[in-house]
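In: quick check, what structure comes out for this input:
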Amino acid sequence: MENQGGVRNKILILGFYNQNNCNMENKRNPLLDKSYQFSLLILEFCYSLQDNYKEYILSKQLLRSGTAIGALSEEAQQAESKADFIHKLAIANKEAHESHYWLRLLRDSQRFNIETESLLTQSEELKRLLISIIKSSKKQK
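Out: Model prediction:
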């Protein structure tokens with residue numbers, strides 16, 4: 001179904017693209033919620049690395065990839081097509097994998113006395129959620 005402007009109406013229920021129109025204000029989106037909360041934690045974690053350990057290179061890489069997940073997920077909400085929606089979430093998935101890599105590297109380097117397990121767990125959850133949404137969206141084509 002297309003609306004007057006030719007842009008598909010969409011709703012995200014559990015993060016899935018759907019062509020039906022609905023009031024988005026009443027719907028919770030787990031992907032947007034989780035990615036936003038992850039971004040906030042990444043911000044705090046990276047600034048802590050910079051302040052406490054003067055670590056700027058890895059923290060900037062993690063800050064960029066960790067906050068990109070939420071930004072791309074938000075951007076996907078305004079996708080022009082299902083293919084565009086899937087593409088944006090695929091990029092968010094790549095960013096989630098990159099964030100997971102940086103977190104593992106920071107943990108395993110043993111140069112920093114920092115807790116990464118909670119962020120690693122959350123990045124795993126985001127990766128699984130993104131993969132699930134992408135696969136489900138592809139099946140709906």
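
In: look at E98 and give its secondary structure.
Out: helix (DSSP: H, G, I helix; E, B strand; the rest coil).

In: tell me the contacts of it?
Out: Q61, S65 (C-beta atoms under 8 Å, 6 or more residues apart in numbering). C-beta: built from backbone N, CA, C; applies to glycine.

In: quick one: contacts of the helix or strand encompassing Q50?
Out: Take DSSP states H and E as the rule and Q50 turns out to sit in helix 30-53. Applying C-beta under 8 Å, 6+ apart, the contact partners of helix 30-53 are 12, 14-15, 55-56, 58-60, 62-63, 66-67, 69-71, 73-74, 77, 92, 99, 106, 111-112, 114, 118-119, 122-123, 125-126, 129-130, 133.

In: show the buried residues in the residues you listed.
Out: 12, 15, 55, 58-59, 62-63, 66-67, 69-70, 73-74, 77, 92, 99, 106, 112, 119, 122-123, 126, 129-130, 133 (16 or more other C-beta atoms under 10 Å).

In: for the closest residue to F85 other than its chain neighbours, what are phi and psi?
Out: Leaving aside its sequence neighbours, F85 sits nearest to A79 (C-beta to C-beta, 6 or more residues apart in numbering; 3.6 Å). Phi and psi for A79, reported as degrees, to the nearest 10, are phi -60, psi 150.

In: and A79, how far is that from S73?
Out: The gap separating A79 from S73 is 11 Å, by C-beta to C-beta, to the nearest Å.

In: give me the common contacts of these two.
Out: With C-beta under 8 Å, 6+ apart as the test, A79 and S73 both reach K88.

In: contacting residues around the residue nearest to N93 when sequence neighbours are not counted?
Out: Setting aside the residues directly before and after it, N93 is nearest to L130 in space (C-beta to C-beta, 6+ apart), at 4.2 Å. By C-beta under 8 Å, 6+ apart, L130 lies in contact with L31, I69, S73, L89, A92, N93, A96.

In: now name the helix or strand holding L130.
Out: Using DSSP H and E, the element containing L130 is helix 117-139.
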